[in-house]
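> Next comes the sequence, and after it the predicted model I'd like to discuss.
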Amino acid sequence: MARLRWGRLRWWLLGGLVALVILVVGGTWLYIHVIEGPAPAPLSLKSGPSSGPASASTAGAGTAAAVAVAGTWHVSSGSIVGYRVNEVLAGQNNVAVGRTSHVTGSLSIRGSTVTAASFSVPMDTIKSDESERDVQFNGRIMETSTYPTGTLTLTTPIALGSLPAAGVIRTYHATGDLTLHGHTRKVTFPLTAERTAAGIEVSGSVPILFADWDIGNPSFAGFVTTQNHGLLEFLIKFSRS
């Protein structure tokens, strides 16, 4: 009789465990795909007319435009910087996105060459849609109280060539120093730029291998696992003021 009761209890326990797993996985799926919805789209310039990589071989038509953009520009409202990391949450694929609009910096253009550019963000202002993720980000991952600022600084001038008309998006390649978590590393990445009625807009993304900046893997307590890399995304709006 005791063996029979134990057999029934074992099946009840197994059934309860299966039900719990289904509840966790199903609840997570419901939250990610229905309640939370898809992650924000990657930061980018609005789609429109575009041209390929810049070339300095067609200089004549761009002279007047070069005069219009030469000078110093400052980061203005509407600028956004953030991260994008693929994660697995209780067996469900998810994209973690955190962003901030607290961005400062400047851009200097001489003739048709970008001679200097940089932007910085207070790391603890970067927020996602999950408060617990933000706690981990500010704590063990990025240690924002110890390393409060992230900065990207251009280190090689960018030749703009013949500047396109306002509203045309063009692709360039940039080289700079990225400072995160107290470490500075050289990065190269493509970016897109556009002259608008209000100024200049620049967008791009930089691949981040966490180990290169001594950033702890964001995986948490066996419940959330992430890749060992992510993206730093930015959309910067520059104005004269």
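Good, I have the coordinates. Numbering: from 1, shown residues only.
> Enumerate every residue touching Pro99.
No, residue 99 isn't Pro; it's Arg. By Cβ atoms under 8 Å, 6 or more residues apart in numbering, the residues touching Arg99 are Pro40, Ile80, Val81, Gly82, Tyr83, Ile126, Lys127, Ser128, Glu233. (C-beta placed from N, C-alpha, C; glycine too.)
> Give the burial count for His183, as a bare number.
Look at His183: counted by other Cβ atoms under 10 Å, it has 12 neighbours.
> List the beta-bridge partners for it.
Counting by DSSP bridges, His183 is bridged to Leu180.
> same thing with Pro207?
Counting by DSSP bridges, the residues bridging with Pro207 are Leu231.
> Repeat that for Val121.
Gly150.
> That one is in contact with Val81, isn't it?
Yes: counting by Cβ atoms under 8 Å, Val121 touches Val81, with 4.9 Å between them.
> what's the overlap in contacts for these two?
Counting by Cβ under 8 Å, 6+ apart, the shared contacts of Val121 and Val81 are Thr100, Val103, Gly150.
> which of the residues you listed are buried?
Among these, those buried by neighbour count (16 or more other Cβ atoms under 10 Å) are Thr100, Val103, Gly150.
> pretty sure the first one is touching Val121, no?
Think Thr100. Yes: using Cβ under 8 Å, Thr100 is in contact with Val121, at 5.4 Å.
> between the two, what contacts are shared?
Counting by Cβ under 8 Å, 6+ apart, the residues touching both Thr100 and Val121 are Val81.
> ok, which stretches of this structure are helices?
2-30, 63-69, 131-136 (DSSP state H).
> still on that earlier bit, return the member of the buried ones among the shared contacts of Val121 and Val81 nearest to Val75.
Val103 (5.3 Å; Cβ to Cβ).
> how close does the closest one sit to Glu233?
12 Å (Cβ to Cβ, to the nearest Å).
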